[in-house]
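>>> What follows is a predicted protein model with its sequence.
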Amino acid sequence: MTWIHNYLPDDHKYFTFLKKVFRHEFRKNGFRRIWTVFFENKDLLETVYWEDFIQENIFLVENNKWLKINPHFWNLNAYLSWELRDETQPVYLYNIDKYFTKSISSYTNNYENYFIWWDIIWETDPILDSMLIYMTYSTLNKMWLQDTFKISLNCVLNKKELENYLQDLKDFYENKKHLLSEEWLKKLETNPIEILNWKSENEIILAKETPNVMKYMKKDSKEYFNKLLWYLEMLKVPYILDNLLTPEFSYSSNSTWIITKNDTDKIISRWWRYNNLAKLMWNNKDIWAVWFTINVDYLIEMIKENNIKIKNKDELDLYFIQLWDDAKKIVFNLSLEARERWIKTMVSLWTPSMKEQILKAQRVKAKFIVIVWFMEAKNWAFQVRDTIKWTQEEIKKENLLDYIIWKIWEENLDFYCPIKDLIIE
């Protein structure tokens with residue numbers, strides 16, 4: 001089966017709302033938008049990701065290029081390659097974009113997925129991690145989604161701590177190998193921490209008995225993670241400590257956390273620190289960084305499931321119906337003038353039946369229908385039907401738009417004009 005998803009107009013209504021909500025949060029917190037390329041050189045990615053991961057997840061396209069799989073790799077590459085390193089640090093960046101993966105999981109439901117994503121580069125402090133969690137938690141609550149999700153956290157061990165932990169993890173499974181499949185016996189030797197991500201009931205029971213990752217933290221790691229928890233408690237953000245939550249990549253550090261839908265394994269949001277990625281790529285030293293992302297599809301799904309509606313700003317004020325060539329000319333010019341006066345207007349230009357045109361006007365929920373037929377065009381007086389009160393009046397052409405404005409009130413007019421955002425200095 002091909003896993004694809006078209007964004008139809010109803011989806012875009014929600015997507016546009018989410019973009020507005022999160023852009024507002026980003027601007028308040030000093031984030032700026034970045035848009036990175038869709039392709040990256042194969043050689044660069046192979047310095048970071050292992051062969052099995054590349055085969056299972058990343059799309060190869062022509063000319064030795066890969067389709068982008070996650071933004072923080074691309075954002076950090078842009079940071080290292082361009083003038084972002086010369087700006088005031090840390091740098092706050094965000095993306096709203098599409099990403100591609102060959103694998104379908106609890107985090108990606110399609111091969112193409114839209115994500116809202118942000119990064120903080122060149123700073124390491126648990127207060128930044130807590131800020132990202134709080135921003136997400138409070139924003140979801142503002143959207144009336146409180147009590148529909150949970151936040152899970154775990155620490156990420158440094159290299160030395162991880163070595164000790166993995167040895168004990170292997171020892172734990174030593175006398176349980178008869179319970180492991182051939183695939184997982186191989187993973188036990190190559191990347192044993194992946195075993196914690198098992199999904200079947202028996203495997204989860206086993207994984208829950210494994211050594212607790214948090215007990216392997218030493219002084220610095222423990223101090224960092226405890227501060228993160230302290231900030232979250234200060235901000236009154238509820239969380240669950242999850243010993244089985246592990247990052248996907250070796251360049252992760254300090255902490256990792258996810259937000260899941262209640263009673264499901266669907267991951268709405270996930271993030272971790274990636275302080276060790278820059279050096280794996282091509283930089284001569286590590287650069288502190290943390291990222292966060294939201295799966296747009298899952299969030300739209302949650303909004304719909306909880307019967308949360310979005311105000312329809314596309315409802316029409318005025319719908320013109322015409323049934324004659326001369327009437328068409330009159331209606332066309334009037335519709336242009338109506339839009340210039342901020343009235344949301346639509347014209348029926350090619351439907352011979354008046355009944356069908358009225359049904360169309362009702363389907364698009366136009367507040368007023370103006371009917372221009374042979375006699376109306378000759379007399380310059382039009383029938384105006386109020387679809388809310390179901391009343392009808394005859395209005396002279398020269399008074400028509402003033403009448404509509406008076407009926408719908410000025411505060412309901414669409415005064416938004418994106419051109420006004422331009423500034424000439």
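It's in. Numbers count the residues shown, from 1 in each chain.

>>> List of residues touching the lowest-mean-pLDDT helix or strand in the chain?
Here the helix or strand of the chain ranked lowest by mean pLDDT, DSSP states H and E is helix 374-379, holding a mean of 72. Contact partners of helix 374-379, identified using Cβ atoms under 8 Å, 6 or more residues apart in numbering, comprise 323, 324, 326, 327, 330, 382, 383. For the C-beta atoms, the positions are set from N, CA and C on the backbone; glycine is no exception.

>>> Which elements pack onto the next helix or strand after it?
Using DSSP states H and E, the helix or strand that follows helix 374-379 towards the C-terminus is strand 381-386. In this structure, strand 381-386 packs against strand 368-372, strand 391-396, helix 400-408, with contacts taken as 3 or more Cβ pairs under 8 Å, 6 or more residues apart in numbering; DSSP states H and E.

>>> Show the low-confidence segments of the protein, by residue range.
Applying pLDDT under 70 to the chain flags residues 1-3, 197-203, 313-314, 350-352, 377, 410-425.

>>> would you list every one of the strands in the stretch 251-400 of the chain?
253-261, 267-273, 289-295, 318-322, 345-348, 368-372, 381-386, 391-396 (DSSP state E, counting those that start in this stretch).

>>> Across the sheet, point out what pairs with residue 99.
residue 113 (DSSP bridges).

>>> now residue 254
In this entry, residue 254 is beta-bridged to residue 156, by DSSP bridges.

>>> now it: how far from residue 189?
As judged by Cβ to Cβ, to the nearest Å, residue 254 and residue 189 stand 27 Å apart.

>>> Show me which of these two is the more surrounded one.
Taking neighbours as other Cβ atoms under 10 Å, residue 254 and residue 189 compare with residue 254 leading, 24 against 8.

>>> Just the buried ones from the contacts of helix 374-379, in ChimeraX syntax?
Buried members of the contacts of helix 374-379, defined by 16 or more other Cβ atoms under 10 Å, are picked up in ChimeraX with:
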select :323,324,327,330,382,383
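
>>> Between all of the contacts of helix 374-379, which two are separated the most?
The largest separation in the contacts of helix 374-379, counting by Cβ to Cβ, is between 326 and 383 at 16.3 Å.

>>> before we move on, back to that, Serialize the contacts of helix 374-379 to CSV and add fields for distance to residue 68.
Listed next are the contacts of helix 374-379 as CSV, based on distance: Cβ to Cβ, whole Å:
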residue, distance to residue 68
323, 53
324, 55
326, 56
327, 53
330, 52
382, 54
383, 56
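
>>> Nearest to residue 81 among the contacts of helix 374-379?
residue 330 (58.2 Å).

>>> Please report the distance of that closest one from residue 402.
Counting by Cβ to Cβ, the gap from residue 330 to residue 402 is 17 Å.

>>> Kindly report the same for residue 244.
67 Å.

>>> Which stretches in the stretch 201-350 of the chain count as helices?
According to DSSP state H, counting those that start in this stretch, the stretch 201-350 of the chain carries its helices in the segments 201-208, 219-234, 277-281, 296-305, 325-340.

>>> Put together JSON lines for the ones you listed, with distance to residue 102 on each row.
Formatted as JSON lines, the helices of the stretch 201-350 of the chain follow (distance: least, Cβ to Cβ, whole Å):
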{"stretch": "helix 201-208", "distance to residue 102": "24"}
{"stretch": "helix 219-234", "distance to residue 102": "33"}
{"stretch": "helix 277-281", "distance to residue 102": "21"}
{"stretch": "helix 296-305", "distance to residue 102": "17"}
{"stretch": "helix 325-340", "distance to residue 102": "46"}
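
>>> Just tell me which of these ends up closest to residue 175.
Going by Cβ to Cβ, the one of these nearest residue 175 is helix 201-208, 11.7 Å.

>>> Now the phi/psi pair for residue 41, please.
Torsion angles at residue 41 (phi, psi; degrees, to the nearest 10) stand at phi -60, psi 140.

>>> burial of residue 124, as a residue count?
If you count neighbours by other Cβ under 10 Å, residue 124 ends up with 18.

>>> which SS class is it?
Classification of residue 124 by DSSP: H, G, I helix; E, B strand; the rest coil places it in coil.

>>> still on that earlier bit, can the strands of the stretch 251-400 of the chain go into JSON lines with extra columns for distance to residue 69?
Formatted as JSON lines, the strands of the stretch 251-400 of the chain follow (distance: least, Cβ to Cβ, whole Å):
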{"stretch": "strand 253-261", "distance to residue 69": "18"}
{"stretch": "strand 267-273", "distance to residue 69": "14"}
{"stretch": "strand 289-295", "distance to residue 69": "12"}
{"stretch": "strand 318-322", "distance to residue 69": "46"}
{"stretch": "strand 345-348", "distance to residue 69": "42"}
{"stretch": "strand 368-372", "distance to residue 69": "50"}
{"stretch": "strand 381-386", "distance to residue 69": "54"}
{"stretch": "strand 391-396", "distance to residue 69": "58"}
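
>>> Out of the ones you listed, the one nearest residue 30 is which?
Among the strands of the stretch 251-400 of the chain, strand 289-295 comes nearest to residue 30, with 14.5 Å by Cβ to Cβ.

>>> what's that closest one packed up against?
Using 3+ Cβ pairs under 8 Å, 6+ apart, the elements in contact with strand 289-295 are helix 71-81, strand 112-121, helix 126-142, strand 267-273.

>>> how far out from the middle of the chain is the first one?
Pointing back at helix 71-81 there. Distance of helix 71-81 from the chain centroid (Cα atoms, centre = their mean, to the nearest Å) equals 19 Å.

>>> Can you list the buried residues in it?
Buried residues in helix 71-81, counting neighbours by 16+ other Cβ under 10 Å, are found at 71, 72, 73, 74, 75, 76, 77, 78, 79.

>>> outside of it, which residues touch it?
With contact meaning Cβ under 8 Å, 6+ apart, helix 71-81 is reached by 34, 36-37, 40, 44-45, 48, 68, 84-85, 91, 93, 95, 97, 99, 115, 117, 119, 121, 274, 277-278, 281-283, 287, 289, 291, 293.

>>> Also compute the angle for that helix relative to strand 112-121, please.
50 degrees (axes from the mean of the first three to the mean of the last three Cα atoms, to 10 degrees).
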